[in-house]
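>>> sequence? don't have it. structure:
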Ligand SMILES: NC(=O)c1ccc[n+]([C@@H]2O[C@H](COP(=O)([O-])OP(=O)(O)OC[C@H]3O[C@@H](n4cnc5c(N)ncnc54)[C@H](O)[C@@H]3O)[C@@H](O)[C@H]2O)c1
Ligand SMILES: O=C(O)[C@H](O)[C@H](O)COP(=O)(O)O
């Protein structure tokens, strides 16, 4: 069996060794000829899988993406070839939720906000939206969920409409890119919705760039509006509209899901799927490969309290300002968007770390955020 995998899948060599002949490729070089004899094709979001890539391949039996989003896979084409859409649903949900927390604490400092007085509107209550809601509960921050597909499917949680979401102080987007139809998300934030945003609100997009009309957003800034926007994802990546970047409060290069665990979990999920499809025992586990974080224990800064203490803790693990500063200072250089993503010094998730809470009375909130007890 020939297994071809993109070089951005961590631990793919280790997981797939012994299942067949493995060959690694870069998304820059991949073409129909290169993967013409692949039985198994494993990608991340930078490789488009469609007729142009696979028409010449008569052997293909499994295509999988080690990501949550699947909009780079031509689903109708895969179906026409009798292939299922395999993804790593939920692999990086915790990573994105922790990215959003970092953004919330940084923006709260900038805007002088007490987060427990604010409301968060979560659009898309799937893997990411749910993980985020759990972390907000741990912090005592009120949130609302909007997810019409889940509401229609009978999910028992309480859901609100987009009109209610638009009244929240903070709006965080966690929907897939859906182009058209009843649940369309493309340009969900179009000119009209962007016009409804108030300057005392915060909008975060860490799902797909096309969910916000970037041209309309830029026009709104150019017209003088002072909106608070955090963007991890952009229309037309990697060739994004650079004119928009200076207006964005925190700007990053589609790295919200790039924790060590989030990326590696994606590879592990595809390994499990391939083993199941081809009748192998899935004996390998992510824990066999993950390095121990250094240091792996954090001492709380007990000179602080309340939001300041939690903010210092979260930012000590991941401070989005560092990524934003690097992005803003280098994005004008050619190929920089790709470069940042490829060379990202990926971070750890809270669950990889222990916290010594000492005599801090709010220790349960810290463990509920995902940290381990010391
Ligand atoms: N920036 C990153 O690094 C990163 C990482 C992970 C995921 N993502 C993106 O975020 C998206 C969400 O990730 P996930 O793992 O939570 O996916 P998911 O499929 O678990 O959840 C998406 C949710 O959005 C809901 N939804 C669909 N259309 C909607 C609409 N019109 N209005 C409101 N809700 C709607 C779905 O019903 C679903 O519950 C992914 O599809 C991916 O594109 C980005
Ligand atoms: O959909 C996802 O899972 C994320 O957007 C993911 O982080 C994309 O990462 P990439 O494959 O581009 O490294």
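Looks like it arrived, so ask away. Please read all numbers here as calculations on a predicted model, not as lab measurements. Ligands and ions are numbered 1, 2, ... in the order given.
>>> can you pull the buried residues of the helix or strand that contains residue 101?
Element membership of residue 101, judged by DSSP states H and E, is helix 93-111. By neighbour count with 16 or more other C-beta atoms under 10 Å, helix 93-111 contains the buried residues 93-108. Quick note: C-beta positions are derived from backbone N, CA and C, even for glycine.
>>> which residue sits closest to the residue in the stretch 51-200 of the chain positioned nearest to ligand 1, ignoring its sequence neighbours?
Proximity of the stretch 51-200 of the chain to ligand 1 (C-beta to the nearest ligand atom) peaks at residue 126, 1.8 Å away. Distance criterion C-beta to C-beta, 6 or more residues apart in numbering; nearest residue to residue 126, sequence neighbours excluded, is residue 174 at 6.7 Å.
>>> From what I see, that neighbour and residue 133 are in contact.
No - using C-beta atoms under 8 Å, residue 174 is not in contact with residue 133; the gap is 9.9 Å.
>>> Enumerate the residues of the protein near ligand 2.
Taking C-beta under 6 Å from any ligand atom as the criterion, the chain approaches ligand 2 at residues 8, 44, 45, 46, 67, 68, 69, 92, 257, 258.
>>> Partner strands of the following helix or strand past the helix holding residue 101 and their direction?
On the C-terminal side of helix 93-111, the closest following helix or strand by DSSP H and E is strand 119-123. As defined by DSSP bridges, the strand partners of strand 119-123 come to strand 142-146 (parallel), strand 170-173 (parallel).
>>> mind showing which ranges of the protein have poor pLDDT?
Nowhere does the chain drop to pLDDT under 70.
>>> how about the helices in it?
12-16, 51-54, 75-80, 93-111, 127-139, 148-152, 162-165, 191-196, 214-222, 260-278, 306-317, 320-330, 336-342, 363-368 (DSSP state H).
>>> Tell me which of the ones you listed sits nearest to residue 228.
helix 93-111 (6.5 Å; C-beta to C-beta).
>>> what about the residue of the stretch 201-350 of the chain found nearest ligand 1, neighbour count?
Of all residues in the stretch 201-350 of the chain, residue 257 sits closest to ligand 1, at 3.1 Å by C-beta to the nearest ligand atom. Neighbours of residue 257 under the rule other C-beta atoms under 10 Å: 23.
>>> Look up how far residue 119 lies from it.
Distance of residue 257 to residue 119, given as C-beta to C-beta, to the nearest Å: 25 Å.
>>> Burial check on residue 359, number of neighbours?
Residue 359, neighbours per other C-beta under 10 Å, totals 7.
>>> ok, it - contacts?
Contact analysis of residue 359 by C-beta atoms under 8 Å, 6 or more residues apart in numbering lists residue 302.
>>> Excluding covalently adjacent residues, which one is nearest to the spatially most central residue of the chain?
Compute the mean C-alpha point of the chain, and by C-alpha atoms, centre = their mean the closest residue is residue 257, 3.5 Å away. Spatial nearest neighbour of residue 257, chain neighbours left out: residue 92 (3.3 Å); criterion: C-beta to C-beta, 6+ apart.
>>> got it, and residue 30?
Nearest one to residue 30, counting by C-beta to C-beta, 6+ apart, is residue 47 at 5.6 Å.
>>> So the one you found sits against residue 7, correct?
No - in this structure, residue 47 is not within contact of residue 7 by C-beta under 8 Å, at 10.4 Å.
>>> okay, the two: which has more neighbours?
When neighbours are counted by other C-beta under 10 Å, residue 47 and residue 7 differ, and residue 47 comes out ahead with 21 against 16.
>>> how about the more buried one, what does it touch?
Contacts for residue 47 (C-beta under 8 Å, 6+ apart) come out as 6, 27, 30, 53, 72.
>>> I'd like those residues as CSV, with distance to residue 194 appended.
Converted to CSV, the contacts of residue 47 look like this (distance: C-beta to C-beta, whole Å):
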residue, distance to residue 194
6, 35
27, 32
30, 36
53, 35
72, 26
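>>> among those residues, who's most crowded?
Comparing the contacts of residue 47 on neighbour count, residue 53 comes out first with 23 neighbours (neighbours: other C-beta under 10 Å).
>>> Pull the number of nearby residues for the closest residue to that residue other than its chain neighbours.
Excluding the flanking residues, the one nearest residue 53 by C-beta to C-beta, 6+ apart is residue 32, at 5.6 Å. Residue 32: 13 surrounding residues under other C-beta under 10 Å.
>>> Equivalent analysis for residue 226, please.
9.
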